[in-house]
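> What follows is a predicted protein model with its sequence.
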Amino acid sequence: MPVEVEGFLALILHAHLPYVRHPECEGGLEERWLMEAITESYIPLLEVLEGLERDNVPVRVSVCLTPTLGSMLTDGLLQDRYRRHLERHLELAAREQERTRGDPDFAPLAAMYRGRLERARDYWEGARSDLLSRFRGLQDRGRIELLASAATHGYLPLLGLRRETVRAQVAVGVEAYRRSFGRDPSGFWLPECGFNPGDDEVLREFGLRWVVLETHGVLFASRRPRYGPFAPILCPSGLAAFARDVETSKQVWSSLEGYPGDYFYRDFYRDIGYDLGLDYLAPYLPGGRLRCHTGFKYYRVTGPTDQKQPYVPRLAEEKAAEHAANFLFNRSHQVEYLAQVMDRPPAVVAPYDAELFGHWWFEGPRWLDLVLRGIGRGHRLRAVTPSDYMDRFPRNQVAVPSMSSWGYKGYSEVWLEGSNDWIYRHLHLAADRMVRLANAHPAAQGLTRRALTQAARELLLAQASDWAFIMKAGTAADYARGRTVAHLAAFQRLEAALSATPPGAPGDAVALAGLDPAWLEEQESRHNLFPWLDYRVFRSDWRGPVLTRPGAEAEPAPEASVPAGG
């Protein structure tokens, strides 16, 4: 007999990395962020999702692949570099097997890592280097729902002094989604879950149905939510806002109170990249001397001590099964209670960074697989997407969510504090000037059009929330500051030439104003994000998907179908 559904679990995996592409330098530390994430998170997650499909497990999850990540995953240069990265690590794996030969603790682990790398290589080759198409196929077959996100993961609450800026981030993100996945998105991942009242109106312009907010964004709405965080509220614009469940998040995310900190799980920080000699490691380190994580980690968490015990996969597997059962037990009791006090099944929303699974929490993909298979065996909890829930329960309470984020203390402190507050005067001034340029050049052609589009691209890249976050974290602060300054400096150089070019002047007039065409070509080649980008997305009267390839004939902006934003 079918099991009565008491509640819904909406698992949402947010996969994001900043745009890191340096043609001039292969194997840099920042480029390894992508390489590590592909091997340790994205391929394992695809294996889990495709395994669930193969076994016909009746569950659905949501996945967000941000535009910057999607662009890197489909970039030929980075795809070739990932293949070479895998080859180097397979060579290191063979050396590690030889080095640990005869060691009863470490030899099996070296063999395990070599097997995982070989499997990643086989998957990469089977996918023809195109992981994005694998995600698209899962969506096309109804197994997952893919979300759109902002163009460069800009933190919208601090960029919205001009509505054109928010609209540009959203418009380019939605267009990137359409081009990657061949359809319009329903859900939208707000970078850092950052919501500012009024941004919902921009999202609705593009037909988006729902977003996810931090818990207090819904709880502190203009009206007290009748169902708390366990059902969406509707903004007056019609956008649905789902709230993150606190308990579910803490159990999985927290390294202190959650599952990943268990003493039997693999320790992330103890890596041969810091333990072994430089002479041995040099061929596998950036520049041959910069110590970093290699992925070869032989110890378990053990506890709050430097004296780590060897990692034992069998014990970690047992813990993953135990924690999956515990998660399902807790969710069952949670929805059982909520179902008694609600007139509809509750929605427990569980959003996580996708990179948690496999990269930070080595056993995470296995845990996820066990949880979803447990639900699929006839559990009273059903795994759905927020769109599925909205289809079933379209009528919801109307209220305006509060400004909020999922950052430290729940507002904007992470992205606006002493280490990074200096960036905003420059970002806001550049946005003002970009809007002015776009308004002044309604139909630019030739070199002028290319310069305007590259100015828009540089501004979008400077607006990425990652740079402020990294400055706050202090992990690669010099790199984040350098990227911010470089993009703003490029924008200023373009803006100076464009401001000296009268509207309607010949397309190459910008060169006469001092812009070197060779330098522009170099910038376009190095930062080739969104090759179809059109600068007019920053126009005050812009509406609709008027995003074309550089050099294409300019199209008139369609008439506004909604009132212009402020």
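That came through fine.
> tell me the contacts of the residue lying closest to Leu147 once chain neighbours are set aside?
Once flanking residues are discounted, Leu147 sits nearest to Cys64: 3.9 Å by C-beta to C-beta, 6 or more residues apart in numbering. C-beta coordinates here come from the backbone N, C-alpha and C atoms, glycine included. Counting by C-beta atoms under 8 Å, 6 or more residues apart in numbering, Cys64 makes contact with 12-16, 146-149, 187, 189.
> Between the residues you listed, which sits nearest Gly303?
Minimum distance to Gly303 across those is 29.2 Å, recorded for Leu13 (C-beta to C-beta).
> and that closest one, what are its bridge partners?
Val63, Tyr352 (DSSP bridges).
> My guess is it contacts Tyr352. True?
Yes - with contact defined as C-beta atoms under 8 Å, Leu13 reaches Tyr352; the gap is 6.1 Å.
> Looking at these two now, which is surrounded by more residues?
Higher neighbour count among Leu13 and Tyr352: Leu13, with 23 against 19, using other C-beta atoms under 10 Å.
> check contacts around that one.
45, 61-64, 351-354, 357.
> Would you mind measuring from it to Glu524?
33 Å (C-beta to C-beta, to the nearest Å).
> and stretch 241-252, how far from the chain's centre?
Mean C-alpha position of stretch 241-252 versus that of the full chain (C-alpha atoms, centre = their mean, to the nearest Å) differs by 18 Å.
> show me where the stretch 51-200 of the chain has strands.
Counting by DSSP state E, counting those that start in this stretch, the stretch 51-200 of the chain has these strands, from start to end: 61-65, 144-149, 188-189.
> Among those, which comes closest to Glu318?
Shortest distance between Glu318 and these, using C-beta to C-beta, is found for strand 61-65: 24.6 Å.
> Just the mean pLDDT for that closest one, thanks.
Per-residue pLDDT over strand 61-65 has a mean of 98.
> rewinding a little: what's the closest of the contacts of Leu13 to Gln251?
So of these, ranked by how close each gets to Gln251 (C-beta to C-beta), first place is Tyr352, at 10.8 Å.
> roughly how far apart are the closest one and Arg536?
Taken as C-beta to C-beta, the span from Tyr352 to Arg536 is 37 Å.
> Show me what the longest helix along the chain is packed against.
Secondary structure of the chain per DSSP state H: the longest helix is helix 313-341. Contacts defined by 3 or more C-beta pairs under 8 Å, 6 or more residues apart in numbering; DSSP states H and E place helix 313-341 against strand 7-15, helix 107-126, helix 246-253, strand 347-353, helix 364-376, strand 381-383.
> ranking these by mean pLDDT, which is last?
helix 246-253 (a mean of 90).
> Show the subsequent helix or strand relative to that one.
Next in sequence after helix 246-253, counting helices and strands by DSSP states H and E, comes helix 272-275.
> List the buried residues in the next helix-or-strand element following that next one.
Toward the C-terminus, helix 272-275 is succeeded by helix 278-281 as the next helix or strand (DSSP H and E). Within helix 278-281, the residues that count as buried by 16 or more other C-beta atoms under 10 Å are Leu281.
> go on, stretch 474-489?
476, 479-481, 483-484, 487-488.
> pLDDT below threshold where in this structure?
Scanning the chain with the threshold set as pLDDT under 70 gives 1-4, 512, 544-566.
> Got the domain ranges for it?
Listed by automatic domain parsing, the domain ranges of the chain are 7-74+130-248+346-409, 418-538.
> what residues does stretch 337-344 touch?
6-7, 227, 230-231, 345-346, 393.
> repeat that with 10 Å
4-8, 226-228, 230-231, 335, 345-348, 380, 389, 392-393, 395-396 (C-beta atoms under 10 Å, 6 or more residues apart in numbering).
> Name the residues of it that come out as buried.
Using 16+ other C-beta under 10 Å as the test for burial, stretch 337-344 gives 338-339, 342, 344.
> could you dump those to CSV with distance to Pro310?
CSV is the format used below for the buried residues of stretch 337-344 (distance: C-beta to C-beta, whole Å):
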residue, distance to Pro310
Leu338, 43
Ala339, 45
Met342, 48
Arg344, 49
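> if we can go back for a sec, out of the strands of the stretch 51-200 of the chain, which gets nearest to Asp516?
Closest of the strands of the stretch 51-200 of the chain to Asp516 is strand 144-149, at 34.2 Å (criterion: C-beta to C-beta).
> Report the angle between the closest one and strand 7-15.
50 degrees (axes from the mean of the first three to the mean of the last three C-alpha atoms, to 10 degrees).
> Next, the angle strand 61-65 makes with strand 144-149.
If you take the same axes, to 10 degrees, strand 144-149 sits at 40 degrees to strand 61-65.
> quick one, what contacts Pro502?
With contact set as C-beta under 10 Å, 6+ apart, Pro502 has these partners: 440-441, 509, 513.
> ok, the residue of the chain most remote from its centre to Arg436 distance?
The centre of the chain is farthest from one residue, Gly102, which by C-alpha atoms, centre = their mean lies 41.8 Å away. Distance, Gly102 to Arg436, by C-beta to C-beta: 70 Å.
> And for Pro304?
As judged by C-beta to C-beta, Pro304 and Arg436 stand 55 Å apart.
> thinking again about what came up before, so which of the strands of the stretch 51-200 of the chain comes closest to Asp267?
The closest approach between Asp267 and any of the strands of the stretch 51-200 of the chain, judged by C-beta to C-beta, belongs to strand 61-65 at 27.5 Å.
> Please compute how far that closest one lies from its chain's middle.
That offset, for strand 61-65, works out to 9 Å (C-alpha atoms, centre = their mean).
> do the same with stretch 487-506
Between the centre of stretch 487-506 and the centre of its host chain there is 31 Å, according to C-alpha atoms, centre = their mean.
> If you count neighbours, what's buried in that stretch?
In stretch 487-506, counting by 16+ other C-beta under 10 Å, buried: 487-488, 490-495, 497-498, 501, 505.
> Could you export that stretch as PDB, CA atoms only?
Taking Å, rounded to 0.1, in the frame of the first residue of the first chain, the C-alpha atoms of stretch 487-506 are listed here in PDB:
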ATOM      1  CA  HIS A 487      38.400  44.700 -13.200                       C
ATOM      2  CA  LEU A 488      37.600  48.300 -12.000                       C
ATOM      3  CA  ALA A 489      40.800  49.600 -13.600                       C
ATOM      4  CA  ALA A 490      39.900  48.000 -16.900                       C
ATOM      5  CA  PHE A 491      36.400  49.400 -16.600                       C
ATOM      6  CA  GLN A 492      37.800  52.900 -16.000                       C
ATOM      7  CA  ARG A 493      40.100  52.700 -19.000                       C
ATOM      8  CA  LEU A 494      37.200  51.700 -21.200                       C
ATOM      9  CA  GLU A 495      34.900  54.300 -19.700                       C
ATOM     10  CA  ALA A 496      37.400  57.100 -20.200                       C
ATOM     11  CA  ALA A 497      37.600  56.400 -24.000                       C
ATOM     12  CA  LEU A 498      33.900  55.800 -24.300                       C
ATOM     13  CA  SER A 499      33.000  59.100 -22.500                       C
ATOM     14  CA  ALA A 500      35.200  60.900 -25.100                       C
ATOM     15  CA  THR A 501      33.300  59.200 -28.000                       C
ATOM     16  CA  PRO A 502      30.200  61.100 -29.100                       C
ATOM     17  CA  PRO A 503      27.000  59.000 -29.400                       C
ATOM     18  CA  GLY A 504      26.400  58.100 -33.000                       C
ATOM     19  CA  ALA A 505      30.100  58.400 -33.900                       C
ATOM     20  CA  PRO A 506      31.600  55.800 -36.300                       C
END
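> sorry, back to before: take the buried residues of stretch 474-489 and keep only those in helices.
For the buried residues of stretch 474-489, membership in helices holds for 479-481, 483-484, 487-488, with DSSP H as the criterion.
> From those, pick the one nearest Gly287.
Lowest distance from Gly287 to these (C-beta to C-beta) belongs to Tyr479, with 14.1 Å.
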